[in-house]
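Q: Here is my input; please provide its structure:
(chains A and B)
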Amino acid sequence: AQTVTQSQPEMSVQEAETVTLSCTYDTSESNYYLFWYKQPPSRQMILVIRQEAYKQQNATENRFSVNFQKAAKSFSLKISDSQLGDTAMYFCAFMKPPRKLTFGTGTRLTIIP
Amino acid sequence: EAGVAQSPRYKIIEKRQSVAFWCNPISGHATLYWYQQILGQGPKLLIQFQNNGVVDDSQLPKDRFSAERLKGVDSTLKIQPAKLEDSAVYLCASSLGLAGRKYEQYFGPGTRLTVT
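A: Model (predicted):
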C-alpha cells in the first residue's frame, strides 16, 4: 500500500515571499502520478499541479512548481510570489491509475499580509 | 462547465439516526468517488464507481454505509445508523474515466456532517 507523508502541519510566510511545502511517499510502483491539491477555507478541493512519474522534467503552473526526486521519493511544492489567496490547506496525493488517490495529512499554509 | 454538485452542504443529526448525501458529477464523467475527510486529516476514499458499477469499496464500512449510482450519473451515499465518529466532511469527486489524463478528479464542495 502507498503512503504519503507531509511533515509540516502548519506554515506561514509573508506575502510576496517564496515557500516550499514538503511531501514524501512510499511505493513499489514505477509508473504513477503525483498531485498537489489546494483546499481553501470554503472547502472546494482544487488541483494545483500534477506530475507524471515517467517525466524527468519538473512540472510548473504559473507561480507553482514542483521538485520531483523519484529516487528519494520526494515531491515538494514551491509557491513563488505568494499571495493572500494562497492561504489554504495543501494536500499531496499519489495515484496509480486506475486506483484511488492516497492523500497526505495536509499542510496549513497562511500568507501574512 | 458546471462543477460537481453536492447537497446538503451541512447536516446535523443525532447518533443512531440515518442520513443521505447526494452528488451530481460533471456531465460526461464516468467515474465517481466518495471520500470521507475527518478534521485534520486528508480525504480517504470510501467508494469508487465506474458508470454504475463499483470499482473499489474496500474502505466502506458496509455495516452502516451504503452507496448507489443509478443510471451511471447521480449518486447517493447513506449512513444508517450514524455514529459519533462519522462526523466529517463527505466529498464527492468525478473524473472522465480511468485512463490517461481522464483520471484527473474534480471535487465538489462537500457535505459537513455533525453527529451529536
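Q: how near is the residue nearest the centre of chain A to B:P109?
A: The centroid of chain A falls nearest to A:W36 when counting by C-alpha atoms, centre = their mean (3.3 Å). From A:W36 over to B:P109 the distance is 20 Å, taken as C-beta to C-beta, to the nearest Å. Bear in mind the C-beta positions are built from the backbone N, C-alpha and C, glycine included.
Q: Which parts of chain B are strands?
A: Ranges of strands within chain B are B:5-7, B:10-13, B:19-24, B:31-37, B:44-50, B:53-56, B:65-68, B:75-79, B:88-95, B:106-107, B:111-115, based on DSSP state E.
Q: Contacts for the fourth one next, please.
A: When contacts are defined by C-beta atoms under 8 Å, 6 or more residues apart in numbering or on different chains, strand B:31-37 is touched by residues A:100-101, B:23, B:25, B:43-50, B:55, B:67, B:69, B:75, B:77, B:88-98, B:103, B:105, B:110.
Q: The second one too?
A: When contacts are taken as C-beta under 8 Å, 6+ apart, the neighbours of strand B:10-13 outside the stretch itself are B:19, B:21, B:82, B:111-116.
Q: Weed out the non-buried ones from these.
A: B:19, B:21, B:82, B:111-113, B:115 (16 or more other C-beta atoms under 10 Å in any protein chain shown).
Q: These also near chain A: which ones?
A: B:R112 (C-beta under 8 Å from any C-beta of the partner chain).
Q: Tabulate the buried ones among the contacts of strand B:10-13 (JSON lines), appending pLDDT.
A: Below are the buried ones among the contacts of strand B:10-13 laid out as JSON lines (pLDDT from 0 to 100):
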{"residue": "B:V19", "pLDDT": "98"}
{"residue": "B:F21", "pLDDT": "98"}
{"residue": "B:A82", "pLDDT": "97"}
{"residue": "B:T111", "pLDDT": "96"}
{"residue": "B:R112", "pLDDT": "95"}
{"residue": "B:L113", "pLDDT": "97"}
{"residue": "B:V115", "pLDDT": "98"}
